[in-house]
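Q: I would like to see how this sequence folds:
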Amino acid sequence: MTVLRLRDGSLWVHNPLAPTGELLEQLASIGGRVAHVVVPNNSPEHWVYAGDFCDALADDVQLWVPPGFLTDRPLPFPWLFGLKELRDRIAWREFGEEAPEEWGGEVEVALFRTPTLVEAAFLLRSPRALLLADAAFKMDASCGVPAGNVWQARLLGVWQRLGCPTRVVFSAFPKRARAFVQRLLQFDFDTVVPAHFLAPVPGGKQALLECFKFLL
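A: Numbering: from 1, shown residues only. Model (predicted):
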């Protein structure tokens, strides 16, 4: 989970986690009102806690989701992840590649949209950070990976380097994927902040180029 303070003092939260007491205390210690909660893609781990997270905050918090969120390809068992409950109690809004005005011009968006995966990446302009969900991540021994699973991380291309674990999906839609990556490379950033495992990842655009060189 990543938190950005907007210029108006409100907080923009990416990839909400379970609202445990410890997490809410840490969030409160930052100071400021959470105004925006942002779901980056349609994979359940990125939105399953969104309803509880919003419920634990102020009544006027806005939940944002990517276009086609769980409508392009609905889940076969929506009750399994509490999707119906989320729809019933949270009035979410969709963002697009033109970031909502409510974000104050401080965040830029790039979208990769397929029948199975809807992935949004975000440039946080002031800290010059690129936020990713499942497009890329990096693992090493500090992640506590069992020795028997290291080979899997190597196979995915994410061991000790920024790699694309969803390469199969990206390769299946090369034109869309290439346009997505080229948009990312137009952003001005120094670090990459994946939603999984090691973060932040230094190296900026060079790390991203190495990650997606199979497309370029």
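
Q: contacts and neighbour counts: CA atoms only from here.
A: OK.

Q: please work out the average pLDDT along the helix of greatest length in the chain.
A: Secondary structure of the chain per DSSP state H: the longest helix is helix 174-186. Averaging pLDDT along helix 174-186 gives 98.

Q: what is whatever helix or strand comes next after it packed up against?
A: The element immediately downstream of helix 174-186 (helix or strand, assigned by DSSP states H and E) is strand 191-194. Helices and strands touching strand 191-194, by 3 or more C-alpha pairs under 8 Å, 6 or more residues apart in numbering; DSSP states H and E, are strand 129-132.

Q: just checking, what packs against the strand it packs on?
A: If you count contacts as 3+ C-alpha pairs under 8 Å, 6+ apart, strand 129-132 packs onto strand 118-124, strand 191-194.

Q: now do it: everything it contacts.
A: 40, 120-124, 189-195 (C-alpha atoms under 8 Å, 6 or more residues apart in numbering).

Q: hmm, try it at 10 Å
A: Strand 129-132 has contacts (C-alpha atoms under 10 Å, 6 or more residues apart in numbering) with 1-2, 14-15, 40-41, 107-110, 119-124, 184, 187-196, 199-202, 204-205, 208.

Q: just the buried subset of those residues, written out for ChimeraX, thanks.
A: Buried subset of the contacts of strand 129-132, written as a ChimeraX selection, criterion 16 or more other C-alpha atoms under 10 Å:
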select :14,15,40,41,107,108,109,110,119,120,121,122,123,124,184,187,188,189,190,191,192,193,194,195,200,201,204,205,208
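
Q: any chance of the helices and strands packed on strand 129-132 in a markdown table, plus mean pLDDT and distance to Arg93?
A: Converted to a markdown table, these look like this (pLDDT from 0 to 100; distance: least, C-alpha to C-alpha, whole Å):
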| stretch | mean pLDDT | distance to Arg93 |
| --- | --- | --- |
| strand 118-124 | 98 | 14 |
| strand 191-194 | 98 | 23 |
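
Q: any chance of those strands in CSV with distance to Ala99 as columns?
A: Compiled in CSV, the helices and strands packed on strand 129-132 are given as follows (distance: least, C-alpha to C-alpha, whole Å):
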stretch, distance to Ala99
strand 118-124, 9
strand 191-194, 19
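
Q: which one of these lies closest to Asn149?
A: With C-alpha to C-alpha as the criterion, Asn149 lies closest to strand 191-194 of the helices and strands packed on strand 129-132, at 20.0 Å.
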